[in-house]
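J.: Give me a 3D structure for the following:
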Amino acid sequence: MPHAHAPDGTPLYYEVRGSGAPLVLLSGQANSRRWWDPVVADFARVFRVVTLDWRGTGESGRPDTDSYSTRGFAADVAAVLADAGIGRAHVYGTSMGGRVAQWFAAERPASVARLVLGCTSPGAPHGVERGPEVRRALAQPDQDAAARALRELMYTPAWLAAQEAAGREEFATLGDPSMPGHARRRHLRASARHDAWDALPRIEAPTLVVHGSDDAFNPAANAPLLAERIPDARVRMIPGARHAYFEEFAEVATPLVVEFLQREEEDE
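T.: Down below sits the predicted model:
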């Protein structure tokens with residue numbers, strides 16, 4: 001079971017599958033590599049795919065220290081790629097993973113071939129934050145109701161109804177249930193404190209910004225903000241999609257991302 005080690009010594013679990021150009025997939029806040037389970041096989045048919053457990057999740061270490069930040073997570077990604085012997089990769093980050101990907105691309109331009117930022121934000125100081133009604137729904141004391149609200153922010157009602165009818169009860173995008181409380185709180189704080197606004201113009205990699213048009217969890221208005229700040233970035237909105245567009249709308253989103261990432265090879 002491969003583990004890299006972060007600069008502070010924290011063990012970082014990762015997996016590699018497939019062959020081809022390297023692609024690292026970065027998951028959302030308080031989630032492990034399992035976030036990508038519904039689609040990782042599709043990417044592995046084309047790329048050598050790396051997925052990892054953030055510190056505090058999955059099989060990685062769970063230090064109760066001030067080592068959790070989106071910039072620090074980017075250093076963790078660098079440690080994983082170095083351990084896997086990968087010097088340059090495509091990077092696809094969604095939600096908090098997209099925030100981490102911003103730092104990784106801005107500070108390590110030679111390590112990024114192409115960049116995809118999904119359902120993410122430049123950070124609270126300059127981004128568009130979720131509305132108070134969303135915050136209230138997620139913070140309500142009725143845990144079942146809060147969990148239902150989160151599912152409905154991630155997926156459309158029709159899709160959820162179809163999954164329920166099929167007997168599905170678990171979703172890989174709703175948080176790593178094994179996380180200790182301290183790690184969950186530190187993930188929340190790391191994502192909330194993200195601010196890469198001044199670093200975004202330093203991104204050199206060709207960049208695609210993808211967002212669901214109906215995403216209220218991380219408002220879709222953040223997509224054009226990122227694209228305007230990153231040189232030559234382009235935006236693709238997925239009509240009707242919510243936060244977990246990459247799963248529910250995989251038939252649209254995955255080919256879109258694959259085509260963008262492969263374009264570099266064709267141009268070369």
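J.: sec struct for Val116, please.
T.: Assigned with DSSP: H, G, I helix; E, B strand; the rest coil, Val116 falls in the strand class.
J.: Okay, and the beta partners of it?
T.: Listed by DSSP bridges, the beta-bridge partners for Val116 are Tyr92, Leu208.
J.: do you know how far it is from Gly18?
T.: For Val116, the distance to Gly18 (Cβ to Cβ, to the nearest Å) stands at 17 Å. No exception for glycine: its C-beta is placed from N, CA and C like everyone else's.
J.: What lies in contact with stretch 24-31?
T.: Stretch 24-31 is contacted by residues 33-36, 40, 43, 49-52, 54, 56-57, 77, 80-81, 86, 89-98, 100-101, 172-173, 175-176, 179, 183-184, 187-188, 190-191 when judged by Cβ atoms under 8 Å, 6 or more residues apart in numbering.
J.: Would you mark the buried spots in that stretch?
T.: Going by neighbour count (16 or more other Cβ atoms under 10 Å), the buried part of stretch 24-31 is Val24, Leu25, Leu26, Ser27, Gly28, Gln29, Ala30, Asn31.
J.: what about the last one, distance to Gln163?
T.: Just to be clear, that refers to Asn31. Here the distance between Asn31 and Gln163 works out to 18 Å (Cβ to Cβ).
J.: Among the buried residues of stretch 24-31, which are located in strands?
T.: Among these, the residues falling in strands (DSSP state E) are Val24, Leu25, Leu26.
J.: could I get stretch 51-64 in CSV with only the CA atoms?
T.: Extracted in CSV, the C-alpha atoms of stretch 51-64 (Å, rounded to 0.1, in the frame of the first residue of the first chain):
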residue,chain,number,x,y,z
THR,A,51,-5.8,9.6,-6.4
LEU,A,52,-4.9,10.4,-2.8
ASP,A,53,-6.4,10.6,0.7
TRP,A,54,-6.0,14.1,2.1
ARG,A,55,-4.4,14.3,5.5
GLY,A,56,-7.1,13.6,8.0
THR,A,57,-9.0,11.2,5.7
GLY,A,58,-8.9,7.6,4.5
GLU,A,59,-5.7,5.9,5.1
SER,A,60,-3.5,9.0,5.4
GLY,A,61,-2.2,10.3,8.7
ARG,A,62,-4.5,12.4,10.9
PRO,A,63,-2.4,14.9,12.8
ASP,A,64,-4.1,17.3,15.1
